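Asks: 3D, please:
(chains A and B)
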Amino acid sequence: MELEKKMKLYGIASSTCTGRVLLSLFEKEVEDFELWIVNVRKGEGKKPEYLKLQPFGLIPVLEDGDLTLYESRAIIRYIANKYEGQGTVLYGKDIKERAKVDQWLEVEGQNFNSAIRSSLGVVSKPPVDEVQLTESFGKLGKVLDIYEDHLSKTQYLAGDFFSLADLSHMTTGWKLFDKYKQGSILFEGRPHVKAWWENISSRPAFKKLLEMI
Amino acid sequence: MASLMVYGKAYSANVTRVLTTLAEKNVDDYQMVPIDLLTGANKTPEYLKLQPFGQIPAFQDGDFTLYESRAIARYISDKYEGQGTALFGKTVRDKALVNQWLEVESQNYNPCVWKIVFECVFSQMFEGRPTNEAVVKEQLEKLEKILDVYEAQLTHHKYLAGDLFSLADLAHIPVTNNLINVAKKGELFASRKHLNAWWDDISSRPSWQKVVQIMQAEQQEQK
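Replies: Model (predicted):
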């Protein structure tokens, strides 16, 4: 009976999108799930059985009873809603706070994500192309300048409360700022972004994820 | 005096995404404040206070300011939950699937479609250069694969998230209009039976027809 109740998360902890979902599960103190490894780099996303779950061949997928759900930002919203009564409050406490969380989730998904992925594309393939790096950091820098101004007025993105919006930045942020050590350059002249990053990356749920990578 | 304000112009798919949502929820009492990208109105200090990325739309409900069209659409769906079309289904499960297809639209569909539309229609106007055919070819190949997934989904369900129209379907309408009617790539849909039927259905909804009239009226004003 216990096994039937467990949710299944398909993906791999080192993937930024799977990590986004794992973080939300940890923040909500959800333990009854299993991680089923699907390594897209090894082509496992293209297997027919997997494509039945996720027709675009991407990770992650969450199976919860008869619900099969994909797209990490949809999954984290589902987890925040399903486990509303436990763990960290991730979606604010009323309709306006929720709207701000959604706004910054969109900013992350639209503006931040494409800029940081460009930068990650450059730094993760040595030898680093300096021209491309300067160009991608220029674009990311413009986004971070807006974050700097915003975070000088509130402690977290959606307000003075941690939320899915901050969480959504953490896996790609960690890769660029910490793993590839570009934080010191990007945080120069952006003390509020730096403080925000140091704050959220010291959360226990995040440390728990890092142990898995 | 309307307390709801939508900042932008109806030529923008992101703006009409919001206008269509308002129409679906039977919300008429709002004001449009023109912010024209072509005049740089989106770069003024006053506008950047509302939308620091200088994009349209921005939205105000009294003194509450919001941006990102999909976040605005979600807020409208939430606030007016008791009226108009139910845009998020009935259960937590329904809502999850609507969110899933909203993400598919914003992460997979829209970036691809936008690149095609931009190259085919706007590259000269905004970047003073002709269409980059290589980019169009590459994006069309990607889009064909995406549309095959949509076709498969719509073979088994009337709408994307299930058997009821939702915000997920709505979110696709403005960009699909650009793809088919502006960039003239209708063949991509005509060749896929269920996708085509879905498009005919959702684009004939009164809410979108109302927005088309707003777009046409705006174009008339410009002349």
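
Asks: residue contacts, B:Asp200?
Replies: Neighbouring residues of B:Asp200 by CB atoms under 8 Å, 6 or more residues apart in numbering or on different chains: there are none. Any C-beta I mention is one placed from the backbone N, CA and C, and that applies to glycine too.

Asks: list the buried residues of the helix or strand harbouring it.
Replies: Of the helices and strands defined by DSSP states H and E, B:Asp200 is found in helix B:193-203. Within helix B:193-203, the residues scored as buried using 16 or more other CB atoms under 10 Å in any protein chain shown are B:194-196, B:198-199, B:202-203.

Asks: show me the contacts for the residue lying closest to A:Gly183 once chain neighbours are set aside.
Replies: Computed as CB to CB, 6 or more residues apart in numbering or on different chains, the closest residue to A:Gly183 that is not its neighbour in sequence is A:Phe177, at 3.4 Å. By CB under 8 Å, 6+ apart, the contact list for A:Phe177 reads A:183, A:186-187, A:197.

Asks: tell me how far B:Gln222 lies from chain A.
Replies: 28 Å (CB to the nearest CB, to the nearest Å).

Asks: count of neighbours near that residue?
Replies: 9 (other CB atoms under 10 Å in any protein chain shown).

Asks: equivalent analysis for B:Val121, please.
Replies: Residues near B:Val121, counting by other CB under 10 Å, number 16.

Asks: you'd agree it is in a helix?
Replies: Yes. The assignment for B:Val121 (DSSP: H, G, I helix; E, B strand; the rest coil) places it in a helix.

Asks: ok, it touching B:Ala183?
Replies: Yes. Look at B:Val121 against B:Ala183 with CB atoms under 8 Å: they come within range, at 5.5 Å.

Asks: please name the nearest non-neighbouring residue to residue 192.
Replies: All of this refers to chain A. In space, A:His192 is closest to A:Leu151, 3.9 Å off (CB to CB, 6+ apart).

Asks: oops, chain B please
Replies: Computed as CB to CB, 6+ apart, the closest residue to B:Arg192 that is not its neighbour in sequence is B:Glu151, at 4.4 Å.

Asks: relative to B:Leu188, how far out is the one you found?
Replies: 10 Å (CB to CB, to the nearest Å).

Asks: swap in B:Asn132?
Replies: Separation of B:Asn132 from B:Leu188 (CB to CB): 19 Å.

Asks: next: A:Ile76.
Replies: 32 Å.

Asks: higher neighbour count, those two?
Replies: Set A:Ile76 next to B:Leu188 and count neighbours by other CB under 10 Å: A:Ile76 wins out with 26 against 19.

Asks: quick check: closest non-adjacent residue to the more buried one.
Replies: Using CB to CB, 6+ apart and skipping residues adjacent in sequence, the residue nearest A:Ile76 is A:Ser24, 4.2 Å away.

Asks: what is the helix-or-strand element of chain B with minimal mean pLDDT packed up against?
Replies: When each helix and strand of chain B is scored by mean pLDDT, DSSP states H and E, helix B:123-127 comes last, with a mean of 87. Applying 3 or more CB pairs under 8 Å, 6 or more residues apart in numbering or on different chains; DSSP states H and E, we find helix B:123-127 packed against no helix or strand.

Asks: nothing else from me, thank you.
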